[in-house]
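> okay, structure incoming, though there's no sequence with it:
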C-alpha cells in the first residue's frame with residue numbers, strides 16, 4: 001500500500017501547488033479540495049486516520065464554502081472534527097498523537113471560515129502547518145511532509 005499511498009500524496013502536492021496560484025477564491029477552494037481529497041486518501045492508506053479524517057473534512061469544507069459560510073457551517077465542521085477526535089481517542093483507543101492532527105484541522109477549519117484578516121489567517125495557518133508537518137513526520141508520510149512544507 002505504501003507506493004499507492006505515495007502516489008496519492010504526490011497528486012495532492014501537485015494540485016496544492018496549482019491551487020495556491022489561483023486568483024479566484026472559489027477556484028482555489030475547488031482545486032484545494034482535490035488536493036485535500038488526495039492527501040486524505042494518502043493518509044488513510046498509511047493508516048493515519050486522524051489526518052485522513054481531518055483532510056477529508058477540509059475537502060468537504062472547501063466545497064461547502066464555495067456557496068455557504070457563517071456560524072452554522074463553522075459549528076458543523078468544528079463539531080465533526082471533535083466528534084471524530086473523541087471517537088478515535090475513546091472508542092478506537094488511538095494514541096495521543098491524534099491531538100496534533102485534530103488541532104491542525106481545527107485551526108484550519110476556524111480560520112478558513114471565520115477569520116477575515118489575511119495577516120491573522122497566515123499567522124494561524126503557519127501554526128496549523130507546523131502541527132500538520134509534525135504529524136506527517138510522526139506517521140512516516142513522505143508526501144504529507146512535502147505537502148506541509150510547500151504550504
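Thanks, I have the structure now. Here the structure is a predicted model, which is why all the values come from computation and not from measurement.
> how many other residues sit next to residue 119?
Neighbours of residue 119 under the rule other C-beta atoms under 10 Å: 8. For every residue, glycine as well, the C-beta is placed using N, CA and C.
> these two touch, right, residue 111 and residue 121?
Yes: here residue 111 reaches residue 121: they are 5.4 Å apart, a contact under C-beta atoms under 8 Å.
> residue 44 and residue 50 touch, don't they?
No: counting by C-beta under 8 Å, residue 50 is not a contact partner of residue 44; they are 10.4 Å apart.
> more neighbours, the two?
Counted by other C-beta under 10 Å, residue 44 and residue 50 do not tie: residue 50 has more neighbours, with 25 against 18.
> contacting residues around that one?
Residue 50 sits next to 84-85, 88, 94, 97-98, 101-102, 135 when contact means C-beta atoms under 8 Å, 6 or more residues apart in numbering.
> show me which of the residues you listed are buried.
In terms of neighbour count (16 or more other C-beta atoms under 10 Å), the buried residues within these are 84-85, 88, 94, 98, 101-102, 135.
> these: which two are farthest apart?
Distance extremes for the buried ones among the contacts of residue 50: the farthest pair is 84 and 135 at 14.5 Å, using C-beta to C-beta.
> what's the closest of the buried ones among the contacts of residue 50 to residue 60?
Nearest to residue 60 out of the buried ones among the contacts of residue 50 is residue 84 (C-beta to C-beta; 12.2 Å).
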